[in-house]
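Chemist: Here is a sequence with its predicted model. Questions after.
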Amino acid sequence: MPREHTAAVILAAGKGTRMHSDRPKVLQTLLGETMLGCVARAAAGAAAHVITVVGFGADEVARSHPELKDGFVLQAEQKGTGHALQVAWEAVRASGATHCLVLNGDTPLVGPDALQELLDSAADGADLAFLTAVLPEAGAFGRVIRGADGRAAGIVEAKDFDPARHGADTGEVNTGLFCLSVNAIENILFSLTSANRAGEYYITDLVGLAAAEGMKVEALRREDGADLLGINSPAELAAAEERLRARIVADLLASGVILHHPQLVVAGPRAVIEPGAELFGPCRVLGASRVACGARVCAFSCLTDSVVGAGATVRESSHLTEARLQAGSDCGPFARLRPGAELKERAHVGNFVEMKKAVLGEGAKAGHLTYLGDTEVGPGANIGAGTITCNYDGQNKHKTAIGARAFIGSNTALVAPVRVGDEAVIGAGSVITKDVPEAHLGVGRARQANIPWRGRKP
């Protein structure tokens with residue numbers, strides 16, 4: 001089924017009371033990603049139009065996923081999954097799609113293979129296709145009912161399942177993943193009723209209605225469908241997170257990434273780690289981070305939305321957020337690079353150095369105990385220990401510029417806005433409030449006075 005002819009509806013309106021959290025369930029995270037974000041990426045890979053049905057905590061969901069907000073549809077009252085699809089149907093129709101995938105927002109491990117299987121079934125003429133899984137303990141999942149011919153005849157919610165009426169429990173359950181023909185299903189979608197114990201409109205009732213109408217219904221059975229099932233508790237979230245982590249680590253090892261203590265390496269699903277990179281567990285590489293071939297990320301470090309270039313090194317216990325290390329540069333141990341921090345080629349940041357919206361030029365050094373904020377440091381400059389760029393005046397941020405090959409003495413405070421010229425030198429212990437010209441010595445401290453002092457008597 002061509003992507004441009006497909007819409008995807010993500011059901012994300014529920015509260016998720018079993019998570020015991022005030023946060024909407026779909027915003028719970030694994031490997032640094034929300035469940036909704038994982039599902040939305042899978043949906044976007046298969047469908048040209050992604051529609052998200054929101055309800056509980058809709059404003060919070062919108063703030064967390066602004067990239068999806070144009071496709072939000074509000075289910076003001078949560079009356080069940082069937083009602084959610086009804087609410088979204090106008091948007092599905094407006095998309096011009098011929099087929100509609102339906103996904104639950106709490107199934108973050110759903111992969112492209114599952115969605116492709118559904119789309120292939122639709123391409124073969126199925127009016128309604130859905131994925132099933134066989135579980136040793138079916139619990140609260142809806143049971144799949146098959147006729148004598150083995151074809152799906154319906155889905156019965158767990159609370160409504162009665163062996164006397166529906167036959168033996170085979171353990172085959174509905175995963176909540178559907179592919180629907182828009183034209184065919186529209187004829188029965190608004191015939192759903194709430195005549196059940198929960199008083200809700202179930203999307204699962206579409207299976208029985210479609211079968212009764214003589215439509216082609218395909219139940220695609222998987223013997224191991226754990227990754228297709230929704231997450232409903234903290235324990236299930238933890239188990240899913242570990243399955244996803246182990247899957248990603250296995251893929252990294254197979255691709256040629258060098259992992260030490262791989263059981264302690266955490267890499268997010270959006271992170272790109274090139275073959276030949278080297279990671280030492282425990283460490284975390286999250287978000288849209290990139291680690292190039294030949295780069296090293298040492299133990300106890302955490303990268304989020306950061307780039308580590310070829311041959312660059314992140315030493316132990318360093319934290320990088322929206323930072324960038326170019327080729328051959330290094331930081332740490334115990335470095336903190338905040339958003340906008342960038343190390344040019346062969347630049348060095350040592351222990352207990354913090355940078356924010358600051359650029360350290362090619363071959364420049366900030367060895368230890370330094371804060372660089374809103375700062376541009378030229379190539380070959382040296383920043384002494386204890387240097388602080390005083391970039392905030394209580395209302396506004398101001399910039400500090402340090403020229404090429406400048407030398408900043410230890411325990412210096414540079415009060416922005418201020419510029420230190422190329423090859424200038426700042427005396428240790430100075431407070432610099434005015435520009436220092438190129439190749440000048442800047443000193444800003446009181447003259448030392450030695451006063452006779454006999455000291456205190458014991």
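Modeler: Sure thing, it's come through.
Chemist: How about residues contacting the top helix by length along the chain?
Modeler: In the chain, with assignment by DSSP state H, the single longest helix is helix 234-255. Contacts of helix 234-255 from elsewhere in the structure, counted by Cβ atoms under 8 Å, 6 or more residues apart in numbering, are 19-20, 28, 30-31, 108-109, 226-227, 231, 259, 262-263, 265-269, 273, 275. Where you see a C-beta, it was placed from the backbone N, CA and C, and this is true even at glycine.
Chemist: check which helix or strand covers residue 419.
Modeler: Using DSSP states H and E, residue 419 sits within strand 418-420.
Chemist: could you say what helices and strands that strand packs with?
Modeler: strand 400-402 (3 or more Cβ pairs under 8 Å, 6 or more residues apart in numbering; DSSP states H and E).
Chemist: Counting neighbours, which bits of the strand it packs on end up buried?
Modeler: Burial within strand 400-402, assessed by neighbour count using 16 or more other Cβ atoms under 10 Å, is assigned to 400-402.
Chemist: now stretch 88-95
Modeler: So for stretch 88-95, counting by 16+ other Cβ under 10 Å, buried means 88-89, 91-92, 95.
Chemist: I'd like the residues you listed as JSON lines, with pLDDT appended.
Modeler: Shown next, in JSON lines, are the buried residues of stretch 88-95 (pLDDT from 0 to 100):
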{"residue": "88", "pLDDT": "96"}
{"residue": "89", "pLDDT": "96"}
{"residue": "91", "pLDDT": "96"}
{"residue": "92", "pLDDT": "96"}
{"residue": "95", "pLDDT": "94"}
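Chemist: okay, those residues in a markdown table with distance to residue 369 next?
Modeler: Below are the buried residues of stretch 88-95 laid out as a markdown table (distance: Cβ to Cβ, whole Å):
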| residue | distance to residue 369 |
| --- | --- |
| 88 | 56 |
| 89 | 61 |
| 91 | 55 |
| 92 | 58 |
| 95 | 57 |
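Chemist: Kindly present those as TSV, with separate columns for distance to residue 165 and secondary structure.
Modeler: Formatted as TSV, these follow (distance: Cβ to Cβ, whole Å; DSSP: H, G, I helix; E, B strand; the rest coil):
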residue	distance to residue 165	secondary structure
88	32	helix
89	31	helix
91	37	helix
92	33	helix
95	39	helix
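Chemist: residues near the residue nearest to residue 427 when sequence neighbours are not counted, how many?
Modeler: Setting aside the residues directly before and after it, residue 427 is nearest to residue 443 in space (Cβ to Cβ, 6 or more residues apart in numbering), at 4.0 Å. Neighbourhood size, residue 443 [other Cβ atoms under 10 Å]: 15.
Chemist: same question, residue 441
Modeler: Neighbour count of residue 441, defined by other Cβ under 10 Å: 12.
Chemist: so the residue nearest to residue 427 touches residue 424, yeah?
Modeler: No. Checked against Cβ atoms under 8 Å, the pair residue 443 and residue 424 is beyond contact range at 11.2 Å.
Chemist: any idea how far residue 3 lies from residue 146?
Modeler: 31 Å (Cβ to Cβ, to the nearest Å).
Chemist: Helix or strand with the lowest mean pLDDT in this protein?
Modeler: Within the chain, no helix or strand scores below helix 163-166, which has a mean of 81 by mean pLDDT, DSSP states H and E.
Chemist: For stretch 183-198, buried residues please.
Modeler: So for stretch 183-198, counting by 16+ other Cβ under 10 Å, buried means 184-185, 188-189, 192.
Chemist: And the furthest pair within the residues you listed?
Modeler: The largest separation in those, counting by Cβ to Cβ, is between 184 and 192 at 14.9 Å.
Chemist: need the strands for the stretch 51-200 of the chain, in chain order.
Modeler: 72-74, 99-104, 128-134, 143-146, 152-156, 172-181 (DSSP state E, counting those that start in this stretch).
Chemist: Which elements pack onto the fourth one?
Modeler: Right, the one you point to is strand 143-146. Counting contacts by 3+ Cβ pairs under 8 Å, 6+ apart, strand 143-146 is packed against strand 152-156, strand 172-181.
Chemist: swap in the longest one?
Modeler: Identification of packing neighbours for strand 172-181 by 3+ Cβ pairs under 8 Å, 6+ apart yields strand 99-104, helix 112-123, strand 128-134, strand 143-146.
Chemist: Ok, which of these comes nearest residue 331?
Modeler: helix 112-123 (35.7 Å).
Chemist: okay if I get the helices and strands packed on strand 143-146 as TSV plus mean neighbour count and mean pLDDT?
Modeler: Below are those laid out as TSV (neighbours: other Cβ atoms under 10 Å; pLDDT from 0 to 100):
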stretch	mean neighbour count	mean pLDDT
strand 152-156	22	84
strand 172-181	25	92
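Chemist: Redo the ones you listed as JSON lines? Include distance to residue 311.
Modeler: Shown next, in JSON lines, are the helices and strands packed on strand 143-146 (distance: least, Cβ to Cβ, whole Å):
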{"stretch": "strand 152-156", "distance to residue 311": "55"}
{"stretch": "strand 172-181", "distance to residue 311": "44"}
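Chemist: out of the ones you listed, nearest to residue 453?
Modeler: strand 172-181 (81.0 Å).
Chemist: how many degrees apart are that closest one and strand 128-134 in direction?
Modeler: 160 degrees (axes from the mean of the first three to the mean of the last three Cα atoms, to 10 degrees).
Chemist: can you pull the contacts of residue 3?
Modeler: Per Cβ under 8 Å, 6+ apart, neighbours of residue 3: 46-48.
Chemist: From these, which land in strands?
Modeler: Taking DSSP state E, every one of the contacts of residue 3 sits outside strands.
Chemist: are any of those buried, and which?
Modeler: 46-47.
Chemist: if we take the contacts of residue 3, which one ends up nearest to residue 283?
Modeler: Nearest to residue 283 among the contacts of residue 3, with distances taken as Cβ to Cβ, is residue 46, at 32.2 Å.
Chemist: and residue 256, how many neighbours?
Modeler: 12.
Chemist: do the one 3 residues further on as well
Modeler: Residues within reach of residue 259, counting by other Cβ under 10 Å, total 19.
Chemist: and it, that's in a strand?
Modeler: Yes. Counting by DSSP: H, G, I helix; E, B strand; the rest coil, residue 259 is located in a strand.
Chemist: bridging residues for it?
Modeler: residue 279 (DSSP bridges).
Chemist: Contacts only, for it.
Modeler: Per Cβ under 8 Å, 6+ apart, neighbours of residue 259: 249, 252-253, 265, 278-279, 281.
Chemist: ok, and the most crowded of those?
Modeler: Of the contacts of residue 259, with other Cβ under 10 Å as the count, residue 279 tops at 30 neighbours.
Chemist: Correct me if wrong: that one contacts residue 264.
Modeler: No. Residue 279 is beyond contact range of residue 264, at 9.6 Å (criterion: Cβ under 8 Å).
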